[in-house]
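Student: Okay, sequence plus prediction incoming.
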Amino acid sequence: MFNRKFGTKSIFISLKNGVLRNIQNTQIAADIRDSLFFENIDSFLYIFLMLTIVSCAFCESGYIGIFALCFSVLQSFKLCIKKGARTKISLYDKAILIFFAFVILSLFGSTLFALSLKGFMKTAIYMYFYFSALSYFLDNDNKSKILPTILAIAGLVSFESIIAIIQNNTGILEIAGWQDTSNLDPTQVISRAYGTLKPYNPNLLAGYLVTGISSLWCLSMINLLNKHYKRFLGFLILMLLATVAVIYSGSRGGYLGIAGFYGIFALGIIYYIQNYLGGFKTIRKRYKNLALTLICAALVFVMSNPAITNRILSIFEFREDSSIAFRLNVYASSFKMFLDNPFLGIGVGNKNFRQIYGLYMRSGFDALGAYSVPLEIAVESGIFALISFVTFLVLWCKDCLKTIKTAPQRTKIIIFSLILSIFPTMIHGLFDTVWFRPQLQILFWLNVAFLGALKDN
């Protein structure tokens, strides 16, 4: 009888929904449902969601966290009051919860509990925000807000792109001193744009654009599907501007991320042509020439700018580049930290990391983190946390590909844009840890939440 009732459903979620049902059936909940405030609660929720997204471009981390927390608490309140509201998690959500469980274990196993607690609280807010956003968009009344949310992200990405291009062309060398210029000719020094994101950092800007550029691709393809050709062209131009902005950031991790974006995009086009259009032989010659022209134009743009060319080629200099040499030392030291704490890690947060890193560092310079997301997760929370996180990514991608096969055309475009956001971000994350900043976390977890809502359509 027990098995027939619950099947494969999570017992925890069943119990939680039972508690929600009991709360929703109280007289207090009924009275609140009749109030003017609750009738408009979805509007208030969306306002806080927009404040969270917009604040990423202009505010310090504390304000972003406050808006995200307000949204999450209000969504929890809605779940407790709205008649029939339930929670639902997928297989990859369970992997996220397991990952978070190991984060909790690493907190209590840390020798620097107070410092680790600060980092843990940030992670807890991100997790809370994710499950709140998932619950919000799972509501049938709010699924229609996914596309406007993507539009808002696209607007901010476009704004940051234009600001970055202006910064690069006006010359900001005195502000953006994130490049070793001791062995470079002045013509080889790039003015590294940083946008309006706080703290000012070109790597953060690049990570934000790599994570958000898929929103522009999504809107351009949807307008192409709807035969709104002017809008399609407009969003396509904005996507190219965002690409230029990533280049102007001078972030080599961002270069790899944007290369991953176009690489996955190209694989998607190849798959679509082979499986839906009958192969490349059916493609008109003018479209092939257009693709070749765009590729050649991109190469000419890069090669005609010595500073950009030098910055890209410096990726392959390894120890000869002071920044890369420094990071290689950090990687070696961080890996030793992991080997000494393989199961529970050292505890969460960069402040905790910096305290312990001093015992391992080889370079003579302090480091803010491991400069690699997988390595940072392993160092902070142990190997099982890393395995759980990688498992989540694999299961999430599997659900994306499964949903794309059966979804309506517009939903296919949105879901593919989610893949174009998550995996280029992770490629960037192999060589930088700006992913842990709230500007990227908010976009990242929103994109993950969108799939949970769309796959139920």
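Tutor: Right, received. Where do you want to start?
Student: Let me know the pLDDT of residue 4.
Tutor: If you check residue 4, the pLDDT there is 41.
Student: next one: the one 4 residues further on
Tutor: pLDDT, residue 8: 44.
Student: Repeat that for residue 442.
Tutor: With respect to pLDDT, residue 442 has a value of 96.
Student: Then the one 4 residues further on?
Tutor: Residue 446 carries a pLDDT value of 96.
Student: ok, it touching residue 133?
Tutor: Yes: in this structure, residue 446 is within contact of residue 133 by CB atoms under 8 Å, at 5.8 Å. Backbone N, C-alpha and C define where each C-beta goes, glycine included.
Student: Of these two, give the one with the bigger neighbour count.
Tutor: Between residue 446 and residue 133, residue 133 has the larger neighbour count (other CB atoms under 10 Å), namely 28 against 24.
Student: and the gap between residue 58 and residue 166?
Tutor: Look at residue 58 and residue 166: by CB to CB, to the nearest Å, they are 16 Å apart.
Student: just residue 311 next, same as before
Tutor: Remark: distance between residue 311 and residue 166 (CB to CB) = 19 Å.
Student: what about those two, which has more around it?
Tutor: Per other CB under 10 Å, whichever of residue 311 and residue 166 has more neighbours is residue 311, with 24 against 14.
Student: and the more buried one, what element?
Tutor: Assessed by DSSP states H and E, residue 311 sits inside helix 306-313.
Student: re the thing from before, who touches both of residue 446 and residue 133?
Tutor: Taking CB atoms under 8 Å, 6 or more residues apart in numbering as the contact rule, residue 446 and residue 133 touch no residue in common.
Student: what helix or strand is residue 158 on?
Tutor: With DSSP H and E as the criterion, the answer for residue 158 is helix 146-170.
Student: With residue 136 instead?
Tutor: With DSSP H and E as the criterion, residue 136 is inside helix 113-138.
Student: Which positions within that helix qualify as buried?
Tutor: 115-117, 119-120, 122-138 (16 or more other CB atoms under 10 Å).
Student: And residue 283, how close does it get to residue 335?
Tutor: 47 Å.
Student: Have a look at these two and say which one is more surrounded.
Tutor: Shown here are residue 283 and residue 335; by other CB under 10 Å, residue 335 has more neighbours (16 against 13).
Student: Which residue, other than its chain neighbours, is closest to the more buried one?
Tutor: Leaving aside its chain neighbours, residue 335 sits nearest to residue 375 (6.9 Å; criterion: CB to CB, 6 or more residues apart in numbering).
Student: Could you tell me how many residues sit around the one you found?
Tutor: Look at residue 375: counted by other CB under 10 Å, it has 21 neighbours.
Student: The one helix or strand residue 73 maps to: what's the following helix or strand?
Tutor: Residue 73 belongs to helix 61-81 when assigned by DSSP H and E. Next helix or strand after helix 61-81 toward the C-terminus (DSSP H and E): helix 91-109.
Student: Would you check that residue 376 makes contact with residue 434?
Tutor: No: Residue 376 is beyond contact range of residue 434, at 11.0 Å (criterion: CB under 8 Å).
Student: Same drill for those two, tell me which one is more crowded.
Tutor: Between residue 376 and residue 434, counted using other CB under 10 Å, residue 434 has the larger neighbour count: 27 against 24.
Student: List the contacts of that one.
Tutor: Neighbour list for residue 434: 201, 203-204, 206-207, 253, 428, 440 [criterion: CB under 8 Å, 6+ apart].
Student: how about 10 Å then?
Tutor: For residue 434, the contact set (CB atoms under 10 Å, 6 or more residues apart in numbering) comprises 197, 201-208, 210-211, 251, 253-254, 369, 371, 373, 425, 428, 440.
Student: and residue 423, helix, strand or coil?
Tutor: Following DSSP: H, G, I helix; E, B strand; the rest coil, the label given to residue 423 is helix.
Student: right, I mislabeled it, should have said residue 402
Tutor: The three-state assignment at residue 402 reads helix, by three-state DSSP.
Student: number of nearby residues for the nearest residue to it once chain neighbours are set aside?
Tutor: Nearest residue to residue 402, sequence neighbours excluded (CB to CB, 6+ apart): residue 455, at 7.9 Å. Residue 455 has 17 neighbours, counted by other CB under 10 Å.
Student: What of residue 62?
Tutor: Residue 62 has 9 neighbours, counted by other CB under 10 Å.
Student: Run through the chain and note the low-pLDDT ranges.
Tutor: Scanning the chain for pLDDT under 70 picks out 1-18, 85, 171-189, 278-282, 284-288, 290, 363-365, 456-457.
Student: let's go with 50 and repeat that
Tutor: Along the chain, segments meeting pLDDT under 50 span 1-9, 11, 15, 174, 176.
Student: Domain ranges for it, per the record?
Tutor: Taking automatic domain parsing as the reference, the chain has its domains at 2-86, 143-321+368-454.
Student: Quick check: the residue nearest to residue 402 touching residue 398?
Tutor: No: here residue 455 lies out of contact with residue 398, judged by CB atoms under 10 Å, at a distance of 11.1 Å.
Student: all helices of the stretch 351-457 of the chain, in order?
Tutor: Ranges of helices within the stretch 351-457 of the chain are 373-381, 383-406, 409-429, 438-454, based on DSSP state H, counting those that start in this stretch.
Student: Deepest in the core, which of these is it.
Tutor: helix 373-381 (a mean of 26; mean count of other CB atoms under 10 Å).
Student: any idea how far that helix is from the chain center?
Tutor: Distance, stretch centre to chain centre, for helix 373-381: 17 Å (CA atoms, centre = their mean, to the nearest Å).
Student: just stretch 340-355 next, same as before
Tutor: Computed by CA atoms, centre = their mean, the separation of stretch 340-355 from the middle of its chain amounts to 23 Å.
Student: swap in stretch 41-57?
Tutor: Centroid separation for stretch 41-57 versus its chain: 17 Å, with CA atoms, centre = their mean.
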